Each structure stands twice: as structure tokens, then as C-alpha cells.
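[1] Sequence and predicted model, in that order:
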Amino acid sequence: MTKPKRTHPLGLIQHIAKSIKDYWYLVIILFTNPDHDSIWFWAILVTLIGAFLIMPLAKWLTLTYMIDADAIVIHSGIFVRHHEHIPYSRIQTVQSKQWFYLKPFKLEEVLIETASHADHAPEARLAAVPITVATKIERYRKAATTTPEATVPTDDTGAVTGEVSGPHYQINTRDLVKFGLTSLIFVPFLLVLLGLYNKIPRSLTDNLIADASHVAAVLLIGGAIVIILVAWLGAFLWTLTRYYHFELTRQADNLVTAKGLFQRNTITAPLNRLQAVRIKQNILRQWLHLQTVQVLLASKAASSDDDNDLVIMPVISAPATYTTMRPFINWLPEKHPDLGKLRVPHSWYQIRNAMLLVALPVALLWWLLPSWGWLGLILLPIAALEGQYAAHNTAGNLVTPRMLGLQTGHFWTREVFYVPVTKIQSMRLKRSVWMKRTQLAHLTVNVRRGNGNQAIHLRYLSATAAHDIYTWYLEQA
């Protein structure tokens, strides 16, 4: 058995950063307190010092780890000691994060997740450990899931030796730019900018509007364009730094992704732990015939990725998707299959539901701000188009006798899921009293995703076709 080890002293920076992330509001409370001589000010200051310095130092000093042949053992805790024993066969994903300041020291942060963990934190978090740790854990995990008695090959220094990798993909600059320019993540950036605008002193904005009142329309349109462009540029740069030098590799029975400029994020996911594959297109990428490929995992390792699912192909031409992905995931179909069995006979129901969803906000706008109520009417045709889009993009069928393909459309995004029957947690067929008359039904397929559930809803399907899929599932279960 190996001796317990502490993480590198640079790991203290990681603990401090996490404390700042968790307790950032203490800084705001401290600096917004006008009375610096009050007892509350000093109480908050002492709490801040404890949260940002003393607690991180205590956590670092009391955490030790051992990488044994049969499990990872972690001891932690200040007042209450915790002893975690993680068998390699239970590991879902191993994630490595290497900030730029750790690279010269050949250190990285390692996060380990198992399917039993229920919250948003990983099962184990080792800040600033040698880069050989994650590799060694993965070798032991592989040995535990194949031949438990197998030994792990190491070199003279005790580091795990390498092995020949399989298919490899590395994004080029052109594809990375396409991915950044076609991302709709600029919408959250836009909302942030609008929120910052509300923080500008009212007197300043009133003076600017008064000085430019003779060109009010031009100023309004120009300002809106500038804000949108700034949001788009911010989202573009954010995407570029996150997916910089993206790589996908198949190593034996694992998929390994690596990406990031300031923080190199590496995730190792066993192929047999993949719950489903998602091929995704927002409406802009549909026009450009581009797609993004993701996998659903039973862990939170990909919580920082798009939709919290692991991106394994950021952007790829639609015709080349399946031929490119099959060397990495060989159970995917060779080409886009016919998913026409599960279709929506009439799009009116989804159009109606989408319009009812915005009817209340429009009515409230008319009531509270009558002079601006007419703007709310714009939402009604947009909602109708969204309902038609959802109905048109709903589809599904059996791809193989053991795999289901499902397609959905919502919020101007088309998604195609490929789900092996062994990964389906449950399936529900639903028909209301009124739907029996119209021969329609709803079908919901539940798949494990992160520490929760991914419900794939197909609504207003032909009842006969939905019942056939449901019967297939009952026979396979």
C-alpha cells in the first residue's frame, strides 16, 4: 500500500479560488457597508478572512490521498474526518484541469466522479497533483473493468507507461471560428450587457438621450446594434478560449477530450458508460449544414460544456458527421437513418400550445404598459413559428433492433438522440381523454444524464406508431 500524500502547495490557490467562488457575496457586503467602525463591518471582515484564507489552508493541510491498486483512498475534513474509498470499477469519468500556472510544474487538478454521487460536486477533487496521477487512475480503472488481476505497467519512476491511441481528431482554426460565430451563447452575454446598462446612473443616460434627441431613432437602432455586436464578440472570444486546440481521441475503450487556452480541460469517459449520443443544430447551423456532437454521461464532468453534456465534436459538416464519428463510437449508424415512423400528423396542436404560452405575458404587457402593448403582439407570430418548427422536427424510429433514434425541435434547435435500449431508464406513453378521439399520443424516453435525468419528449405523435415503439421497449426490457 502506498503512503498518503498531500497535494502540491499550489493546490492552496485552487482551494482559495473555490472559496472565493462560493462566498463572493461577502466582499460585496463588506464594501457596501458604509460604517467601517461598526461591529458588523469587523465581523464580516473576520468571516471573509476565515473563508478566503484560514479555511482553504486548513482544507489543504488535512487532505491526503492514496492511489492503491484496488481503489483511491482520500482522507479529508477539519473537525469531522471523512474517509472515501473509491473502487476503480465504480468510476464514471476522470477529469483533468490544468491552469496555465500549473503547467510549468507539471501539475493539474483531477476530478473523479462515480454514478452514486448525487450533488453537483465530484466524488473526489485533488487540486495540484502530478500529471501522472490521472493516467495512473485510468490504467487501474481499465485493469479493474477487464482483468482485475492484471498489473498496471509502470516505468522505473513508478509512472504509468503509455499505450497506442486509436482514432484522433484535432479541430482546425477554420472550424473553431465557425463554431464560435454560429454559437447562440451570445444571448446570455446580451442579457448581461442589458443588466449592466441598468446599473448606469439614470442622470447620465438621461443627459445622453437629451443631447441626441434629434437623432433618437438612429441612436436607438445604432445602440442596439452595438450592444448585439459586443455580445456576439464576447461570446465568440469565450467560445474560442474554451475550445482552443480541441482534441478527441479514442484510447482503447475510452473517449478522451481535451480543450482550453488558459485552462486545459481533459475528460476521460469510458465508452460503456455513455448513455446516449446527441447531434445538435441550432437554426443558424441548420442553414449552414453544420452540426455539433455530444454524449450524455452519468456524471457532471461536462457541466461546463454546452447544455452540460460532453462535446466530442464541436462543429462538423452534416454530410460527414456519421463517417467521422463511427471510428470513435462504432455503434452509431453509418448515415442519417429514416426517422419518419414517429411523426406529428398535425402541427396545429404545438402551434396552439406555443401561442398560449406567450398569451399571458402579452396580456400583462397590454394591461401594465398600454402604450407598449403592441410590441407584445410580435411574440405571437414568433411563438406560432416556434410551434410549427417543433412539430416539423419531431421524429423517431428504430435504428437497429437494439437502438432507438429520436429527434426533437425546441427553441429553434434540432436535436437527434441515439439511445441503446440498455441505457433507457424508462419509457412512458401518455394519452389524454381528448387525444383518444384524435388518435394522438405523447412518448417520453428517460435517459440518465449527469446526476439527474434527460427526458426526451415527443408530443402529438400518431398513437399507433408511438404504441409500436412502446411495445418494442417492453419486449426488450
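    Sure, I can see it. Residues are numbered from 1 along each chain as shown.
[2] Please spell out the segments of the stretch 201-350 of the chain that come in under the pLDDT threshold.
    Scanning the stretch 201-350 of the chain with the threshold set as pLDDT under 70 gives 201-224, 300-308.
[3] Strands along that one, start to end?
    Ranges of strands within the stretch 201-350 of the chain are 247-251, 254-259, 263-270, 274-282, 290-297, 310-317, based on DSSP state E, counting those that start in this stretch.
[4] so which of those strands gets nearest Gln92?
    Comparison of these against Gln92 by C-beta to C-beta identifies strand 290-297 as nearest, at 6.5 Å. (C-beta placed from N, C-alpha, C; glycine too.)
[5] helix or strand right after the host helix or strand of Leu356?
    When elements are assigned from DSSP states H and E, Leu356 belongs to helix 348-368. Per DSSP H and E, helix 348-368 leads on to helix 373-376 as the next helix or strand towards the C-terminus.
[6] tell me the domain ranges of this structure?
    For the chain, the structural domains run 11-163, 173-242, 348-390, going by automatic domain parsing.
[7] What's the mean pLDDT across the longest one?
    If I follow you right, that is domain 11-163. Averaging pLDDT along domain 11-163 gives 78.
[8] How far away from the center of its chain is it?
    The gap between where domain 11-163 is centred and where its chain is centred comes out at 21 Å by C-alpha atoms, centre = their mean, to the nearest Å.
[9] right, so of the domains of the chain, which gets closest to Thr471?
    domain 348-390 (23.9 Å).
[10] Quick check: end-to-end length of that closest one?
    Taking C-alpha to C-alpha, to the nearest Å, domain 348-390 runs 11 Å from one end to the other.
[11] wait, which of the strands of the stretch 201-350 of the chain is closest to Val133?
    strand 263-270 (12.2 Å).
[12] tilt between the closest one and strand 247-251?
    Counting by axes from the mean of the first three to the mean of the last three C-alpha atoms, to 10 degrees, strand 263-270 lies at 30 degrees to strand 247-251.
[13] Report all helices and strands that strand 263-270 contacts.
    strand 91-99, helix 132-145, strand 254-259 (3 or more C-beta pairs under 8 Å, 6 or more residues apart in numbering; DSSP states H and E).
[14] repeat that for 7 Å
    strand 91-99, strand 254-259 (3 or more C-beta pairs under 7 Å, 6 or more residues apart in numbering; DSSP states H and E).
[15] what's the angle from the last one to strand 274-282?
    This means strand 254-259. Using the same axes, to 10 degrees: strand 254-259 against strand 274-282 is 40 degrees.
[16] Figure out how far strand 254-259 is from the centre of its chain.
    Using C-alpha atoms, centre = their mean, the offset of strand 254-259 from its chain centre is 15 Å.
[17] contacts for it?
    242-249, 264-271, 310, 312, 328 (C-beta atoms under 7 Å, 6 or more residues apart in numbering).
[18] Show the buried residues in the residues you listed.
    242-244, 246, 248-249, 264-270, 310, 312, 328 (16 or more other C-beta atoms under 10 Å).
[19] Would you point out the most distant pair within the residues you listed?
    Farthest-apart pair in the buried ones among the contacts of strand 254-259 is Tyr244 and Pro270; separation 25.7 Å (C-beta to C-beta).
[20] picking up where we left off before, mind putting the strands of the stretch 201-350 of the chain in a markdown table, distance to Leu57 included?
    Listed next are the strands of the stretch 201-350 of the chain as a markdown table, based on distance: least, C-beta to C-beta, whole Å:
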| stretch | distance to Leu57 |
| --- | --- |
| strand 247-251 | 36 |
| strand 254-259 | 31 |
| strand 263-270 | 23 |
| strand 274-282 | 39 |
| strand 290-297 | 34 |
| strand 310-317 | 34 |
